[in-house]
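Chemist: quick one, fold the following:
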Amino acid sequence: MRSLLRTLCLTMLTALSMTGTTALAAADTKLAPLTIYHIEGRRSERLVWLCEEIGRPYQLEYKRGNIVGSMATIREISPLMPVAPTVRYGDLVMVESGAIIELILAREGGQGLVPPVDSADYAYYLQWMHFAEGSFASRVIADYRVEMLNVQKPNLGYKLVDSEAVLKFADAFLAKNPYFGGSNFSAADIMMLFPTNFAAGMNVVDLAEFPNVATWKQKVESRPAYKKMLEVARPDGLVGSPKPLPKKE
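Modeler: Numbering: from 1, shown residues only. Purely as a prediction, here's the structure:
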């Protein structure tokens, strides 16, 4: 009897010593089915990249080379908010790539893509996870649209939001840290690459002026999981991307 009680106590102490996400992952190793509804070259790439990084099974749904067809599929799943990504995670239907990434990593374990909560890196990891869309993407897309109007109608005189200030902020951080998650590659880097590529690809900014961001971009795009994402989620390159701005002289 004493031996049984001792075994039970040790088991309980071991479980209590685990972090919440680790204990959850250990308690339920059966992963919820995940379907990613995708459009080539859109933010849904983040979910594919994440799954490839952590070896997480997923089903990818899109019509190759057919943005209208891919969007029609998404509308069937999420008619009130048809965006890419839309995912079916178990019984849930969700949008917002950052929220989906955080949910998967919280429920299934950080898989090395989340710094320890008590580490110095964790605060910056959270900052860049949310900065990617909240400050970065919003400014870059606004500047792209404003500059495109200025190109089409030069006399309108619309003012830019100033994407360059955002890149300066990011470049200064990367001067002291190899990744946006701090010391190691993390989900924050997955979040930050999309607006970086949009800014550079649409000629909103010149990455040559931000060498730390350029070096980081090359480094994360060389990862095997990123290359695998391109293979399965963007087999024909960018499909139906917006027209780039004229390059600044």
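
Chemist: for this protein, just list every one of the helices.
Modeler: 2-17, 20-27, 45-54, 67-77, 97-108, 120-131, 138-152, 163-174, 187-201, 211-221, 224-233 (DSSP state H).

Chemist: got the buried residues for the fifth one?
Modeler: Residues of helix 97-108 classed as buried under the neighbour-count rule (16 or more other C-beta atoms under 10 Å) are 97-98, 100-105, 107-108. Backbone N, C-alpha and C define where each C-beta goes, glycine included.

Chemist: nearest residue to the middle of the chain?
Modeler: The chain has M191 as the residue nearest its centroid, 2.9 Å off, counting by C-alpha atoms, centre = their mean.

Chemist: in terms of contact, does that residue touch E96 like I think?
Modeler: No - at 11.1 Å, M191 and E96 do not qualify as touching, with contact defined as C-beta atoms under 8 Å.

Chemist: now the nearest residue to M191 once chain neighbours are set aside: how far from L126?
Modeler: Of all residues beyond its chain neighbours, the one nearest M191 is A132 (3.8 Å), with distances taken as C-beta to C-beta, 6 or more residues apart in numbering. From A132 over to L126 the distance is 11 Å, taken as C-beta to C-beta, to the nearest Å.

Chemist: more neighbours: the two, which one.
Modeler: Higher neighbour count among A132 and L126: A132, with 26 against 16, using other C-beta atoms under 10 Å.

Chemist: now do the contacts for that one.
Modeler: 98, 188, 191-192, 194-195 (C-beta atoms under 8 Å, 6 or more residues apart in numbering).

Chemist: and it, how far is that from G98?
Modeler: Per C-beta to C-beta, A132 is found 7 Å from G98.

Chemist: give me the pLDDT for the residue nearest to M191.
Modeler: With respect to pLDDT, A132 scores 98.

Chemist: poorly predicted segments of the chain, please.
Modeler: 1-29, 153-160, 249 (pLDDT under 70).

Chemist: how's this structure carved up into domains?
Modeler: For the chain, automatic domain parsing gives the domain ranges 2-108, 120-223.

Chemist: who wins for proximity to P235 among these?
Modeler: Nearest to P235, of all these, is domain 2-108, at 6.7 Å by C-beta to C-beta.

Chemist: pull the distance from the closest one to the chain's centre.
Modeler: When distances are taken as C-alpha atoms, centre = their mean, to the nearest Å, domain 2-108 is centred 13 Å away from the chain's centroid.

Chemist: same check on stretch 227-241?
Modeler: The answer for stretch 227-241 is 15 Å, by C-alpha atoms, centre = their mean.

Chemist: quick one: end-to-end distance for it.
Modeler: End-to-end distance for stretch 227-241: 20 Å, by C-alpha to C-alpha, to the nearest Å.

Chemist: so what touches it?
Modeler: Applying C-beta under 8 Å, 6+ apart, the set of residues contacting stretch 227-241 is 38, 40-41, 44-45, 48-49, 52, 60, 62, 64-65, 67, 201, 221.
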